[in-house]
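**Student:** predicted model, plus sequence, below.
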Amino acid sequence: MGTALRWTLLAAAVVALIALPPDSRHFNPAQREGAPYLYNITFWELSNIADKWTAKAKSLLNRDAVAARVRDTRDYLAVNKEMANVRGKLRQASARNLHEETAKMQALLDDTEAQAESLSGGAEETVEAYISAVLVEEGLGLFGEVVFPPVDVRLTQPPKLLIVSPRERIHRTHDVLLRSDMSLVERERVEYRIFRDDNMSALVEDIGGLATYPASVANGFSIRWTVQAGAHEWLHHYFFFKPLGQHMFDNDDMFQLNETIANVAGREIGDRVFEAMVEDSLVQAQANEGAAPNGTAGPPPFDFAAEMRETRLTVDVMLAEGRVEEAEAYMEERRGLFVKNGYPIRKLNQAYFAFYGTYADLPAAVSPIGDQVKRFRELVPDLGEFLGEVSEISSYEEFLKMLEQLEEEN
């Protein structure tokens, strides 16, 4: 290519760039502040899918693989229990803004995480096998006992998510995935800069899982939660090949519908998996955590769902009336109440509600979609049939029409 032609093309490119509208030339607040910490999702998928399937192939050739898998799973669960304890202390320290203690607990968690990752291969195959068995029982196998897409889970530390919302209303305006190893100081710096420079609410939050392939599911939580999360992420894989998932990003309603269905059905599948693990003596049934010691009557339990719901509704009223700073002060006051009662929320702001409001079955949400999905599930008692019907939905309006028809038939 001649020099003159190269300069001509370069000049044309510069003119075209200048002619673009401003929004196309600049990063949004989440992209700008998150840039130093961006999570490389493509690299993660390419490296992990190769490792996972290589390990699967080796296990098929190893006659002792089943025994080794069970042994690794038991060892993993022991380490995971320790990790859950450390994670709880980390969240408490973070919620109380104890930076030195947070750094100490984070270092301890990183060490425990490394131990868990060394044992995770067998545990991942165990989780995958149990989830697959429940899916087959529900008639979701493509060819008999073959589940598609295959259940593929990576027990690891998922990325963090930066969520941005306007201060004057709750809306998930921007979000971006960030590296999992961000420190508390780095998270707070990103949040503060967006607040200062853009007058917006921001939150860098831990997430429990991500529907990459293989799915990324967090270590350091109860085994019941882990299998629920694994099922949730598989449902996103399943919906990807169906109208429901293919229209997930059409609008907020379809996004919430996808997440809420995955939440409701994922918990149900996960509970079935946990029960099967208990029957096989792989795990122990969890004790009733709400029981008072020594059989004595303790104080009334703190109703997180009711208190969070009240908080969200009150904040919505304040913001609608333009009382932004008052709403923010109220959220901080309520955050203190949650922390005091054992719910270590680090930051409670508009971005928090914008994120958790996506899952319409959770108390931080105000959308009717949560109750509608639960009602749809009640009217279609077979789980496999329920998933088959909702997976073919292309719009929220179509979902409402199907729900109305079910109500008339019942």
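**Tutor:** Structure's in. What do you need?
**Student:** show me what counts as buried in stretch 396-409.
**Tutor:** 396, 399-400, 402-403 (16 or more other C-beta atoms under 10 Å). In this view, the C-beta of every residue, glycine as well, is placed from N, C-alpha and C.
**Student:** so what's the gap between that stretch and the chain middle?
**Tutor:** Averaging C-alpha positions (C-alpha atoms, centre = their mean, to the nearest Å) puts stretch 396-409 28 Å from its chain's average.
**Student:** got the contact list for that stretch?
**Tutor:** Residues outside stretch 396-409 that contact it (C-beta atoms under 8 Å, 6 or more residues apart in numbering): 251, 253-254, 257, 369, 372, 375-376, 379-380, 389-390, 393.
**Student:** mind checking which of those residues are buried?
**Tutor:** Neighbour counting with 16+ other C-beta under 10 Å marks 253-254, 257, 369, 372, 376, 379-380, 389-390, 393 as buried within the contacts of stretch 396-409.
**Student:** a markdown table please, covering these and showing secondary structure, distance to Leu319 and pLDDT.
**Tutor:** Putting the buried ones among the contacts of stretch 396-409 into a markdown table (DSSP: H, G, I helix; E, B strand; the rest coil; distance: C-beta to C-beta, whole Å; pLDDT from 0 to 100) gives the following:
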| residue | secondary structure | distance to Leu319 | pLDDT |
| --- | --- | --- | --- |
| Asp253 | helix | 21 | 96 |
| Met254 | helix | 24 | 97 |
| Leu257 | helix | 24 | 98 |
| Ile369 | helix | 21 | 96 |
| Gln372 | helix | 24 | 97 |
| Phe376 | helix | 30 | 98 |
| Leu379 | helix | 35 | 97 |
| Val380 | coil | 37 | 96 |
| Glu389 | helix | 37 | 97 |
| Val390 | helix | 32 | 98 |
| Ile393 | coil | 31 | 97 |
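**Student:** got the confidence number for Met83?
**Tutor:** If you check Met83, the pLDDT there is 89.
**Student:** I'd guess it is in a strand, am I close?
**Tutor:** No. Secondary structure of Met83 (DSSP: H, G, I helix; E, B strand; the rest coil): helix, not part of a strand.
**Student:** Gly209 contacts Phe221, doesn't it?
**Tutor:** No. Gly209 is beyond contact range of Phe221, at 10.1 Å (criterion: C-beta atoms under 8 Å).
**Student:** number of nearby residues for Pro159?
**Tutor:** By other C-beta atoms under 10 Å, the residues close to Pro159 number 23.
**Student:** who touches it in this structure?
**Tutor:** Residues near Pro159 by C-beta under 8 Å, 6+ apart: 39, 41, 177-180, 207, 210, 216.
**Student:** again, but for Ser201
**Tutor:** For Ser201, the set of contacting residues under the criterion of C-beta under 8 Å, 6+ apart consists of 164-167, 194-195, 349-351, 354.
**Student:** wait, what's in contact with the nearest residue to it once chain neighbours are set aside?
**Tutor:** Counting by C-beta to C-beta, 6 or more residues apart in numbering, Gln350 is the residue found nearest to Ser201 once chain neighbours are left out, at 3.8 Å. With contact taken as C-beta under 8 Å, 6+ apart, Gln350 is in contact with 165-167, 169-170, 201, 315, 319.
**Student:** dump those residues to JSON lines, plus secondary structure and pLDDT.
**Tutor:** Listed next are the contacts of Gln350 as JSON lines, based on DSSP: H, G, I helix; E, B strand; the rest coil; pLDDT from 0 to 100:
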{"residue": "Ser165", "secondary structure": "strand", "pLDDT": "98"}
{"residue": "Pro166", "secondary structure": "strand", "pLDDT": "98"}
{"residue": "Arg167", "secondary structure": "coil", "pLDDT": "98"}
{"residue": "Arg169", "secondary structure": "coil", "pLDDT": "97"}
{"residue": "Ile170", "secondary structure": "coil", "pLDDT": "98"}
{"residue": "Ser201", "secondary structure": "strand", "pLDDT": "98"}
{"residue": "Val315", "secondary structure": "helix", "pLDDT": "98"}
{"residue": "Leu319", "secondary structure": "helix", "pLDDT": "98"}
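**Student:** re earlier: most neighbours of all the contacts of Ser201, which one?
**Tutor:** For the contacts of Ser201, counting by other C-beta under 10 Å, the largest number of neighbours falls to Ala351: 31 neighbours.
**Student:** so that one touches Pro166, yeah?
**Tutor:** No. With contacts defined as C-beta under 8 Å, Ala351 does not count as touching Pro166, sitting 9.5 Å away.
**Student:** rewinding a little: and the contacts of Gln350, which two are the farthest apart?
**Tutor:** Checked with C-beta to C-beta, these reach their widest spread between Pro166 and Val315, with 13.0 Å between them.
**Student:** tell me, how many residues neighbour Gln246?
**Tutor:** Residues within reach of Gln246, counting by other C-beta under 10 Å, total 13.
**Student:** how close does it sit to Val153?
**Tutor:** 23 Å (C-beta to C-beta, to the nearest Å).
**Student:** ok, now Gln405?
**Tutor:** In this structure, Gln405 and Val153 are separated by 36 Å, where distance is defined by C-beta to C-beta.
**Student:** mind listing the strands for the stretch 101-250 of the chain?
**Tutor:** In chain order, the stretch 101-250 of the chain shows strands spanning 141-143, 146-147, 153-156, 160-166, 174-178, 200-206, 209-210, 215-218, with DSSP state E, counting those that start in this stretch as the criterion.
**Student:** can you redo those strands as JSON lines with distance to Lys340?
**Tutor:** Conversion of the strands of the stretch 101-250 of the chain to JSON lines gives the following (distance: least, C-beta to C-beta, whole Å):
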{"stretch": "strand 141-143", "distance to Lys340": "48"}
{"stretch": "strand 146-147", "distance to Lys340": "44"}
{"stretch": "strand 153-156", "distance to Lys340": "32"}
{"stretch": "strand 160-166", "distance to Lys340": "25"}
{"stretch": "strand 174-178", "distance to Lys340": "29"}
{"stretch": "strand 200-206", "distance to Lys340": "21"}
{"stretch": "strand 209-210", "distance to Lys340": "29"}
{"stretch": "strand 215-218", "distance to Lys340": "25"}
